[in-house]
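Asks: Predicted model follows, preceded by the sequence.
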Amino acid sequence: MASSCAGGIAALTASSMIGCSVKDKGNPPNIIWLISEDTSPDIGCYGNELVATPNLDRLAGEGVRFANAFSSNPVCSPSRSAFMTGMYQTSIGAHQHRTKPAVPLPSHIRLVTEYFRDAGYYITNSSSIDFEKMGKTDWNFKPHTDKPFDSSDWRDRPPGQPFFAQVNFHLTHRIFERDEERPIDPDSVELPPYYPDHPVARRDWANYLESVQVLDRRIGIVLDRLDEDGLLENTIIFYFGDHGRPHVRGKQWLYDSGIHVPLIIRLPDGSNAGRVENGPVSLIDLGPTALNLAGLPIPGHMQGRPVLGPGATARDYIVSARDRCDMTIDRIRCVRTQQYKYIRNFHPERPYNQFSRYKDFFYPVQNLLTVLHERGELNDVQEKFMQPVKPREELYDVVRDPHEINNLAEDPAYSSTLVELRGILDRWMDETGDRGGEPENMQILENEEAARRQRYEKLWGQRGLSPDIAPEDYLTFWEKELGVAE
């Protein structure tokens, strides 16, 4: 399966030498990662005309937009563990969300930022636009350094020192922040076919899209701050989501809605402005790409690869992996090419819709599906997610079937594709040392479950509800909470 983006990457390689050229002038480029939570490409520049995102649209117009970027895991802590090291989370034992106590990193694995610090960079991490507050890390490992960041603000650095900054935005994580300046009519949203067309589903989806708009506004504040400091002309800007949208069949799942993320990289010399790259890219490629653009060597152990700059290479596919999410135990792997998605369920005996305290509490559509399933009011597509078991293998033509509804794994016409992708996954698991099959300490999990149960009992109490509330009554709560009750 030859990648159709190979020519595009080669063109970028020829013209994206900013890292070396700036470094040769004795003026190393600054690097900034703008990271949003739980964000799919539901953005204007990715084709969603309902959402107003002028700052991200402008960033894409001045940079390179990657149309097919994917996280290596569909939930925050394993995904962040991976892109902060340039390694698959399954290779370094950071694949279970969340791991307590945090696992020690293998001795030769370091944070991407440590290589920049060695090169003289000042390292920062801020929480959204509050530059006095340290930003999110949420790694499943303990780094080798006790001080991974020098401060929360690049303005704290000595004059003239280059910086590597992370700005972490809580948006678009739940609970959604509504956009009072530009509300979105729930009747105008396009729901995926696996969602019932119901006022609760429409309002919840519209609230998510509004939070994308609020996110864009805050990203604009950071971009203005860079401009105010006179840094735009020597700063390489990355924007990306840590994984997909926080909706049923999105976050925590290996469908595109859970792993497809926005990725934009703006080079300060304006080269390749407005370019769109369609080939598959993984978030584990971010660290190698940043090092490459800064003219720094890429450690040989990194499994990510540079997608811009000298020696940039193209991928034919990406691999993503889901393991335990909080206390919901599962193991799933996928291979995603430009046309196909192969998914392997290692626990087909477990339902898609396993109990999750997090989703049970925060996802109104989770509750809606339960109620409509019990009423017998879901259609065949919506019922698939509510079945007591799942297939061992799934295969989708994501070009013809972008919502991944029609499983082709048993269709003889696709048997050669199935065999090819199955083989790719087998080799990947062997070559990368996939540790997903290693047993966990059940006593630690039992202790964590007790702590989570206590936490959520408190959260339910704050709503004046019980975790044992009947689904019908909880749907009534959501209808009132979302303002759609008749």
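Replies: Sure thing, it's come through. Bear in mind that the values here come from a model prediction, so they are computed numbers and not experimental data. Residues are numbered from 1 along each chain as shown.
Asks: Now find how far off-centre the helix or strand encompassing Arg58 is within its chain.
Replies: Assigning secondary structure by DSSP states H and E places Arg58 in helix 54-62. In terms of C-alpha atoms, centre = their mean, to the nearest Å, the centre of helix 54-62 is found 20 Å from the chain centre.
Asks: next one: stretch 266-278
Replies: For stretch 266-278 - counting by C-alpha atoms, centre = their mean - the centre lies 22 Å from the chain centre.
Asks: What residues sit buried inside it?
Replies: Arg266, Leu267, Pro268, Asp269, Ser271, Asn272, Arg275, Glu277 (16 or more other C-beta atoms under 10 Å). C-betas here are computed from N, CA, C, even on glycine.
Asks: Show me what secondary structure element comes after the helix holding Arg58.
Replies: strand 64-70.
Asks: and that next one, which strands flank it?
Replies: strand 260-266 (antiparallel), strand 275-277 (parallel), strand 281-282 (parallel) (DSSP bridges).
Asks: Can you tell me what sits against the last one?
Replies: What that stands for is strand 281-282. 66, 68-72, 263, 304, 307, 315, 318-320 (C-beta atoms under 8 Å, 6 or more residues apart in numbering).
Asks: give me that answer again for 6 Å
Replies: Here strand 281-282 makes contact (C-beta atoms under 6 Å, 6 or more residues apart in numbering) with Phe66, Ala69, Phe70, Ser72, Val307, Ile318.
Asks: next helix or strand past it?
Replies: Heading C-terminal from strand 281-282 (DSSP H and E), you reach helix 286-293.
Asks: now that following helix: how far from the chain's centre is it?
Replies: So, by C-alpha atoms, centre = their mean, the centroid of helix 286-293 is 18 Å from its chain's centroid.
Asks: And for stretch 340-354?
Replies: 19 Å.
Asks: buried set for it?
Replies: In stretch 340-354, the ones that count as buried by 16+ other C-beta under 10 Å are Tyr340, Lys341, Tyr342, Ile343, Arg344, Asn345, Arg350, Tyr352, Asn353.
Asks: In TSV, list these along with distance to Asn447.
Replies: Converted to TSV, the buried residues of stretch 340-354 look like this (distance: C-beta to C-beta, whole Å):
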residue	distance to Asn447
Tyr340	41
Lys341	36
Tyr342	36
Ile343	32
Arg344	31
Asn345	28
Arg350	22
Tyr352	27
Asn353	26
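Asks: Just these: which are in strands?
Replies: Within those, residues falling in strands by DSSP state E are Tyr340, Lys341, Tyr342, Ile343, Arg344, Asn345.
Asks: Let me have those in TSV, adding pLDDT and distance to Leu209 as columns.
Replies: TSV is the format used below for these (pLDDT from 0 to 100; distance: C-beta to C-beta, whole Å):
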residue	pLDDT	distance to Leu209
Tyr340	98	28
Lys341	98	24
Tyr342	99	30
Ile343	99	27
Arg344	98	32
Asn345	98	30
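Asks: how far away is Pro280 from Gly47?
Replies: 18 Å (C-beta to C-beta, to the nearest Å).
Asks: which residue sits closest to Ile40, ignoring its sequence neighbours?
Replies: Wrong residue type there; residue 40 is Ser, not Ile. Among residues not flanking Ser40 along the chain, Arg245 sits closest, at 4.1 Å (C-beta to C-beta, 6 or more residues apart in numbering).
Asks: same thing with Glu438?
Replies: Gly93 (7.8 Å).
Asks: Tell me the secondary structure at Arg217.
Replies: Of the three states, Arg217 takes helix according to DSSP: H, G, I helix; E, B strand; the rest coil.
Asks: do the same with the one 4 residues further on
Replies: State at Ile221, reduced to three classes by three-state DSSP: helix.
Asks: circling back to that earlier point, now do the buried residues in the helix holding Arg58.
Replies: Those would be Asn55, Leu56, Asp57, Leu59, Ala60, Glu62, for helix 54-62 by 16+ other C-beta under 10 Å.
Asks: Same question for stretch 447-466.
Replies: Going by 16+ other C-beta under 10 Å, stretch 447-466 has these buried residues: Trp460.
Asks: what comes into contact with that stretch?
Replies: Lys100, Met327, Arg357, Phe361, Pro467.
Asks: what about the residue nearest the centre of the chain, which SS state?
Replies: Closest residue to the average C-alpha location of the chain: His243 at 1.2 Å, with C-alpha atoms, centre = their mean. Here His243 is coil, with the state taken from three-state DSSP.
Asks: got the contact list for it?
Replies: Counting by C-beta under 6 Å, 6+ apart, His243 has contacts Ser71, Pro74, Ser79.
Asks: host element of the last one?
Replies: To tie it back to what came earlier, the one meant is Ser79. helix 76-83.
Asks: Show the subsequent helix or strand relative to that helix.
Replies: Next along the chain after helix 76-83, with elements defined by DSSP H and E, is strand 103-104.
Asks: State the mean pLDDT of that following strand.
Replies: Per-residue pLDDT values across strand 103-104 average out to 91.
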